[in-house]
Every structure is written in structure tokens, then in C-alpha cells.
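[1] Next come a sequence and a model predicted from it.
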Amino acid sequence: MAVQKLPLAKAINESLRVALDTDPKVLIMGEDVGKLGGVFRVTDGLQKDFGEGRVIDTPLAESGIVGTAIGLALRGYRPVVEIQFDGFVFPAYDQIVTQLAKMHARALGKIKMPVVIRIPYGGGIGAVEHHSESPEALFAHVAGLKIVSPSTSADGYWMMQQAIQSDDPVIFFEPKRRYWDKGEVDTEAIPGPLHKARVTRTGTDLTLAAYGPMVKVCLEAAAAAAEEGKSVEVLDLRSMSPIDFDTIQTSVEKTRRLVVVHEAPVFYGAGAEIAARITERSFYHLEAPVLRVGGFHAPYPPARLEEEYLPGLDRVLDAVDRSLAY
Amino acid sequence: MTVESTAAARKPRRSSGTKRAGAKTASQPKASEPQLVQLLTPEGERVKNDEYDGYVADITPESLRGLYRDMVLTRRFDAEATSLQRQGELGLWASLLGQEAAQIGSGRALRDDDYVFPTYREHGVAWCRGVDPTNLLGMFRGVNHGGWDPKTNNFHLYTIVIGSQTLHAAGYAMGVAKDGADSAVIAYFGDGASSQGDVAESFTFSAVYNAPVVFFCQNNQWAISEPTEKQMRVPLYQRAQGFGFPGVRVDGNDVLACLAVTRAALERARTGQGPMLVEAFTYRMGAHTTSDDPTKYRADEEREAWEAKDPILRLRAYLERESAADEAFFAALEKESEALGRRVREAVRAMPDPDHMAIFDHVYADGHALVDEERAQFAAYEASFSDSGAGAVEEGK
Ligand SMILES: Cc1ncc(C[n+]2csc(CCOP(=O)(O)OP(=O)(O)O)c2C)c(N)n1
Ligand SMILES: [Mg+2]
């Protein structure tokens, strides 16, 4: 059946399965991705069906995982590697920033780096330290990397297909607290471009722009605002590098107000980049300064404070009100 | 090396028709092949060991009972934490079940002025250091990221990022050496951690600077779902040699052997002989953490085989064999265990949730303008929900 209702984790799993099935050069690598199927079961059953040569339990060494993925890519493979949690990517940061991102440019285009790095990210699951981070800006700042984050099961499925087909390295941020959310996946659909934003809800008074885990919160905020007679448009950015500024601009020139929402700290975050660009592009259309809702300039707190730390419905609505009050 | 053996090494050795690849594999000991320092058999019999007996020559029936008590209470505390997680009082728990001897043996080898760098599973070592068990539970409950002052007991905060703390230990030990002190440092890590670059780098640094550090690896056979074969092809302790310091494998379920070997390693460190690697060969009897389901990846039989080597039963058998403890001792300990369980349970349930504003505490030692600004904005935002605080909110985030 072409249309199935799947949780996000399962949609990505199906997508990886298709990739393994159709391209013998695709490899899955990571800690506990084999028999266990990953700590979130995103690779569940894949080693059983494709063998240990294709779905590889690696030593516990992230720099090694990404470094060897680079070597395998040089040899013609298309590795899809899993970093078990957002907070554990940093041993690999050197390989990603100094090697993976720059290899194509250094070789004057003669080398391609079709490596996908999957990272479950973000908070909201009551975890201990280093399991709830949103480090996307630390990667978006690096030229040579492409960065995406699906918010729905359909995007999980299709964006993974596209990421694997990409000849550039893609960091694929998976919103872990949405892994269990179900959504329809049409495996025969014709997907739109990987780096294009989507208008998820149309509105006329204000634009909320978000990606990954915060799209759902923004849709809830838009629904709540509608009850108060405010018409809020919601954009799912889907890609943090490149960012589809055209779609944001079109929306903002209609609504004249923009609030950017992400879990990651506001300071030097994606919202800052978007606010600056949209101010440059649409200065005369704006009725209010671009506002940002996101994390504080503080370490991700212990689990019993994450509800306060994470931007929730009320924080988003508060920003909506402040923007509309201008 | 003698002239003879050099000559022998030059001779071609392909005579028996063994395939080269095959010969190579055969000469590599498997990572799981135990060649252990053992002072107590699984049946609780004391076996002689010329190299290490001297390190436990001072052990009396009383100190044996002390080690036994440490292990029993640690296991009791650990079981209580597991059940508190099941009851929703903790978000997560990483059980040390099965590793009591490795932790108590090594922990009791330390002096007060030694410094410990744990992973997230060293509850038994924490016990030996005098850290209140309830303090360990704050981070697993989600009220803090480590609720004790490392300097009080020379017991560093738990480190979740695999392998990082081994470098801190090497650096701390470099400092100890610079200061001319005779204390030592011990770094705990797992078999999985041994693959991390940080761990290799910590070996290099401590070897090069002759740092007084003991690397204590609890090889519990598993790194979540991955067996040791995914991390190494020679027994871990042998790796030390390549870095220029000795390594030894000890029966990690034998508390006496762990005590003796760690004492020997610490003595080396204290006397300027540099680092040493101790591989405590043990077994993770439980799940990786309460979030894990080991039935997905390992067989029950393996666990059952290790049950026969249980560290606590082993010492009990020895105590009984030596008439070093009587029924009254065991009965009193049982009571003490229950009291500890109760105390921990009550303390955890009474642990208050942190104040919301704690998000902004201790981000910087010297303060930061943005943190101050965000704290004030957040306070105003929170106040806007209370009856008294209603009104305009200037909230930037
Ligand atoms: C850098 C890093 N990568 C991944 C993880 C996730 N993780 C937590 S524990 C663990 C396995 C550790 O195994 P081992 O070192 O053998 O210690 P054990 O848990 O067996 O005590 C993994 C992969 C992590 N905490 N840090
Ligand atoms: Mg282990």
C-alpha cells in the first residue's frame, strides 16, 4: 500500500530500508544500530535483513564513525551514520568541520561527500544531561554542510531519501520527542525539493517560522490564536542550511509580522539569521521587529526544569501577542 | 633478546602449511579469554598469588566483613534506585549490579587524598568515598546535573560523555606530579569507552608525563548492545604495553583481587612509576540502564553463567569457610540494608523540584549580561501568570 500511517521513527526506518534495498553502496553505521536497532529503534530490523556488512555496529567512537564514513565515501559508498544523541556528536565535530565539510572544495569539486549524519536532537523526553541538545546552529555556521530536520512522518521518509541521494554531506536532525507521533506517508508521492520550506497553515496576521519539534507547538499556537480571532500562518522551514528565504519572504510580505521559533538557544541561533535576512529583504513590509522564541543562554537544564526551559505554547503566544501589539 | 632467538625469528615459519591469515588469527588471544589475577575462586576459596598476596596481607576478618558490608549495601542501594525509577521517582537509573567487587575493591584501595574520576555507574566507588547515596540520585531524578561538591570527597561528578573523564584524570595527575604530592588519581571507564579517542589520548599523556594515574576499566562485557568484540581484538589490558605502561587483568568479581591489584597500581603511581591500566573482568548483570531491553541482544544463558561468579556470594562463601562472620553479622547487615533502602526512598521522595530560576544559576562564575537580561525577562514572564503579576510583559524570548 502506498499510503501508510507511521510514527516518525518508523517512517525513517522504512526510508533507510528502501535506500539499502535500492543502492548497494548505502551503508548504515553507528553505535547499537545493529541487533538493538538503535536506542530509538530507527534502524530496527535492518541488520537482520541486510546483514552486518551493510548495517554496522561500530566501536564506541564518534570521531571514528564520521572519519571512517568519510573514507568509505571516498571509496564510493554512501554511509548513513547515526550519532546516538545530540550531545555525543562533539567527538566527531573535528571530522565534520575540518574534513567532511571542506573535502569537496579542497579537491576543486573532484571529490563528493555523500555522507548523511543522523542526529536525534532536542529535548522534552525527560533525559539526563547531553541527551536534549539542539546544536544545529553549530553546524549551520559551517560552509559545506547541508542541514535539515523533518517534522512529520512523510518528511522523515522523503527527506531521508533525498538526503541519501545528495552528493553533499547532510546533517539530518531528527526531533526525538516526535519519533512516536504518527502521520501519513505516501511512498509513491513525488516529493518537493529537500531544501524548500512549506506553508503548513495559512494565515494573514502573522507568520510563525519553525522547524523540527517546534512545528507542532506552532500549529497548536496558531489554533489557539485563531480562537481569539488572530490568523496565524505557520511555516515549516525543513532546512536550516540552506534556508528557503523566498518562502519566508513571501509569507512575511503578506502577514507583515514574523516570529521565529526554535528550541536551540536564541543567542546566535537560526532566528538571528532569519531576522537579519528578512529585515534586509522586507524592511518596508514589516509592522513589527522580527521576534524570536527559543532556548536561553544557559546549559540545557535538568529534566525537571525542561518544561520551563523549552519554548511551549504560552511562550509562542506571548511573542505572537507582542508582535501584534506593535 | 639473545642472539639465538633473533636467529630463530628470522627463519621462515611457513613449514606446517598453515595459512598466514589463519596463523595470525590463532596467535591473537580473543578479547574474552580470561587470564585473571584471582585471589578468591567463585566458590570462595583463597588461592595463592605471589605477586599480589602481599597487598592484602593486612586484611583481617573484620576488614573482610567491611568489604562484604560495602558490597551488600551498595547492591541494596542500587536495587532501591532501580525500583524508584520503576515508580517514576527517577527518570533513569544505571545499575551497577554485578560490578560491586570491582568498585568496592578498587574504591577501598584509595586514600582520602586520592582523586576519583567516575563514569555514571560508579555508585560503589561513591559509597567508598563517603558520598551520600541520595546525592547520586539527583541527576537521575532530573533535579540537577550532579549534586555533590567533588572536592568534599575527592570524587568528581559523574561523566556521561563516554571517555572524557580519562583525560581529566590524566591532567589532574599531571598536576599532582607537578605539586610533588604522593597522592594518586584513578579514572574509571568501560570497555566501550576504550574505543574513544579521548581514552587513547589520556594513555598517551599520562605515559609521556609519567602521571600518577590508575586507569580502571570495568570490562562488563557490554557497551549497551555491543559485545567487547566490537571494541577490541586483543584483551584490553594488553593495550597499555603499547603506550609504555603495564596493564593487568583482574577478576572483577573478586573483591580481594581488585583491592590488591588496585593497591599495587596506586603504589606505583605514588612512587613515581607512572600510570597503570587495570582491566577488571566483570559482567553487567542488569540492563544498560532502565531504558534498555537486553533481551533484544543477549542470551539469558550468558547471564546465568555469570551468576555463578557473583561477587557477593563469593565473599560470603569465603567468610563462612573461614568462620569470619556469624549469623548475627548477616542478620544485622540485612537490617542495615533495609534501613538504607528506606532512607534512600524517603530522601528521594522528599527531594524538591528545583526553582525555575535555577535555569540561570551558575552559568558563569563572573556573570554575563545576557544571562541577567534573560533571567529578568523570564521572571517577569512567569509572574505574568500569577494573579499579582498580571500586566504588561516585556519578554524578549
Ligand atoms: C560520547 C558518547 N557517545 C555515546 C554515548 C551513549 N552511551 C552511553 S553509555 C554507552 C555505552 C558505554 O559502554 P561502556 O563504556 O562499556 O560502559 P558501561 O555502560 O558498560 O558501564 C553509550 C554508547 C555517550 N554517553 N557518550
Ligand atoms: Mg561496558
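    Perfect, I can see it now. Numbers count the residues shown, from 1 in each chain, chains lettered A, B, ... in the order given. Ligands and ions are numbered 1, 2, ... in the order given.
[2] What does residue B:248 show for phi and psi?
    Here is the backbone geometry of residue B:248 (degrees, to the nearest 10): phi -140, psi 140.
[3] what's the answer for residue B:116, then?
    Backbone phi and psi, for residue B:116 under degrees, to the nearest 10, turn out to be phi -110, psi 130.
[4] burial measure for the residue nearest to it when sequence neighbours are not counted, as a count.
    Nearest residue to residue B:116 in three dimensions, chain neighbours excluded: residue B:155, at 4.8 Å (Cβ to Cβ, 6 or more residues apart in numbering or on different chains). All C-beta spots, glycine's among them, are computed from the backbone N, C-alpha and C. Neighbour count of residue B:155, defined by other Cβ atoms under 10 Å in any protein chain shown: 25.
[5] residues in contact with residue B:155?
    Listed by Cβ atoms under 8 Å, 6 or more residues apart in numbering or on different chains, the contact set of residue B:155 reads B:116, B:118, B:125-126, B:129, B:131, B:148.
[6] Repeat that for residue A:202.
    residue A:233.
[7] mind showing which ranges of the chain have poor pLDDT?
    Picked chain A for this. A:1 (pLDDT under 70).
[8] please go with chain B instead
    B:1-34, B:388-397.
[9] Outline the domain layout of it.
    Domain assignment for chain B, taken from automatic domain parsing, gives B:3-349, B:356-396.
[10] The first one near ligand 2 anywhere?
    Yes: Domain B:3-349 lies in contact with ligand 2 when judged by Cβ under 5 Å from the ion; the contacting residues are B:190-191, B:220, B:223.
[11] As JSON lines, those with distance to residue B:357 and secondary structure would be great.
    Shown next, in JSON lines, are the residues of domain B:3-349 next to ligand 2 (distance: Cβ to Cβ, whole Å; DSSP: H, G, I helix; E, B strand; the rest coil):
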{"residue": "B:190", "distance to residue B:357": "36", "secondary structure": "strand"}
{"residue": "B:191", "distance to residue B:357": "41", "secondary structure": "coil"}
{"residue": "B:220", "distance to residue B:357": "40", "secondary structure": "coil"}
{"residue": "B:223", "distance to residue B:357": "38", "secondary structure": "strand"}
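[12] Residue B:56: which of these is nearest?
    For the residues of domain B:3-349 next to ligand 2, the closest approach to residue B:56 (Cβ to Cβ) belongs to residue B:220, at 23.4 Å.
[13] For that closest one, which non-adjacent residue is spatially closest?
    Excluding the flanking residues, the one nearest residue B:220 by Cβ to Cβ, 6+ apart is residue B:284, at 3.9 Å.
[14] hang on, isn't the one you found packed against residue B:222?
    Yes: under the criterion of Cβ atoms under 8 Å, residue B:284 makes contact with residue B:222 at 5.2 Å.
[15] quick one: contacts for the residue in chain B positioned nearest to chain A?
    In chain B, the residue that lies nearest chain A is residue B:142 (2.9 Å; Cβ to the nearest Cβ). By Cβ under 8 Å, 6+ apart, the contact set of residue B:142 is A:126, A:128, A:302-304, B:90-91.
[16] So which bits of the stretch 51-200 of chain A are right by chain B?
    When proximity is defined by Cβ under 8 Å from any Cβ of the partner chain, the stretch 51-200 of chain A lies next to chain B at A:57-61, A:63-64, A:87-88, A:90-91, A:126-130.
[17] restrict the residues you listed to those near ligand 2?
    Within those, nothing lies near ligand 2 by Cβ under 5 Å from the ion.
[18] Point out the ones among these that are inside helices.
    Those of those mapping onto helices are A:63-64, per DSSP state H.
[19] the helices in the stretch 151-300 of chain A, which residues?
    A:153-165, A:214-227, A:245-255, A:270-282 (DSSP state H, counting those that start in this stretch).
[20] chain center to the last one, what's the gap?
    The one in question is helix A:270-282. Centroid separation between helix A:270-282 and its chain, computed with Cα atoms, centre = their mean, to the nearest Å, is 19 Å.
[21] what helices or strands is that helix leaning on?
    Contact partners of helix A:270-282 among helices and strands, from 3 or more Cβ pairs under 8 Å, 6 or more residues apart in numbering or on different chains; DSSP states H and E: helix A:136-140, helix A:245-255, strand A:258-265, strand A:291-295.
[22] Can you tell me what sits against the second one?
    It refers to helix A:245-255. By Cβ under 8 Å, 6+ apart, helix A:245-255 touches A:196-199, A:203-207, A:209, A:233, A:235, A:237, A:258, A:274, A:277-278, A:281-282, A:285-286.
[23] now with 7 Å?
    Identification of contacts with helix A:245-255 by Cβ atoms under 7 Å, 6 or more residues apart in numbering or on different chains yields A:196-197, A:199, A:203-207, A:209, A:233, A:235, A:258, A:274, A:277-278, A:281-282, A:285.
[24] most tightly surrounded among the helices of the stretch 151-300 of chain A?
    Comparing the helices of the stretch 151-300 of chain A by mean neighbour count (mean count of other Cβ atoms under 10 Å in any protein chain shown), helix A:153-165 ranks first with a mean of 24.
[25] so what's the residue of chain B found nearest ligand 2 bridging to?
    Going by Cβ to the ion, ligand 2 is nearest to residue B:190 of chain B, at 3.7 Å. Beta bridges link residue B:190 to residue B:218, judged by DSSP bridges.
[26] Would you enumerate the residues in contact with residue A:180?
    Contacts for residue A:180 (Cβ under 7 Å, 6+ apart) come out as A:7, A:9.
[27] got it, and residue A:147?
    Contact partners of residue A:147, counting by Cβ under 7 Å, 6+ apart, are A:136, A:139-140, A:171, A:173, A:239-241.
[28] May I see the helices and strands packed on helix A:270-282 arranged in CSV, with distance to residue A:184 as well?
    Formatted as CSV, the helices and strands packed on helix A:270-282 follow (distance: least, Cβ to Cβ, whole Å):
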stretch, distance to residue A:184
helix A:136-140, 26
helix A:245-255, 22
strand A:258-265, 24
strand A:291-295, 29
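[29] Near the closest residue to ligand 1 within chain A, how many other residues are there?
    When scored by Cβ to the nearest ligand atom, chain A has residue A:88 as its residue closest to ligand 1, at 3.6 Å. Residues lying near residue A:88 (other Cβ under 10 Å) number 19.
[30] Spatially nearest residue to it (excluding sequence neighbours)?
    Closest to residue A:88 by Cβ to Cβ, 6+ apart is residue A:62, at 6.0 Å.
[31] Could you tell me which residues of the stretch 51-200 of chain B lie near ligand 1?
    B:119, B:121, B:160-162, B:190-193 (Cβ under 6 Å from any ligand atom).
[32] before we move on, what about the stretch 251-397 of chain B?
    So the stretch 251-397 of chain B meets ligand 1 at B:284, B:288 (Cβ under 6 Å from any ligand atom).
[33] ditto for chain A
    Near ligand 1, when you scan chain A using Cβ under 6 Å from any ligand atom, you find A:31, A:60, A:62, A:84, A:88, A:91.
[34] The same query, at a cut-off of 5 Å, please.
    Counting by Cβ under 5 Å from any ligand atom, chain A comes close to ligand 1 at A:31, A:84, A:88.
[35] Next, the contact list for the nearest residue in space to the first one that is not next to it in sequence, please.
    Spelled out, that is residue A:31. Closest residue to residue A:31 apart from its sequence neighbours, by Cβ to Cβ, 6+ apart: residue A:84 at 5.2 Å. Going by Cβ under 7 Å, 6+ apart, residue A:84 touches A:30-32, A:39.
[36] Max pairwise distance over those residues: which two?
    Across these (Cβ to Cβ), the longest gap, 9.9 Å, separates A:30 and A:39.
[37] on that earlier part again, separation between the residue of chain A closest to ligand 1 and residue B:160?
    9 Å (Cβ to Cβ, to the nearest Å).
[38] next one: residue A:307
    With the distance defined as Cβ to Cβ, residue A:307 ends up 21 Å from residue B:160.
[39] Would you write a PyMOL line that selects the buried entries of the residues of domain B:3-349 next to ligand 2?
    Selecting only the buried entries of these in PyMOL, with 16 or more other Cβ atoms under 10 Å in any protein chain shown as the criterion:
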select buried, chain B and resi 190+191+220+223
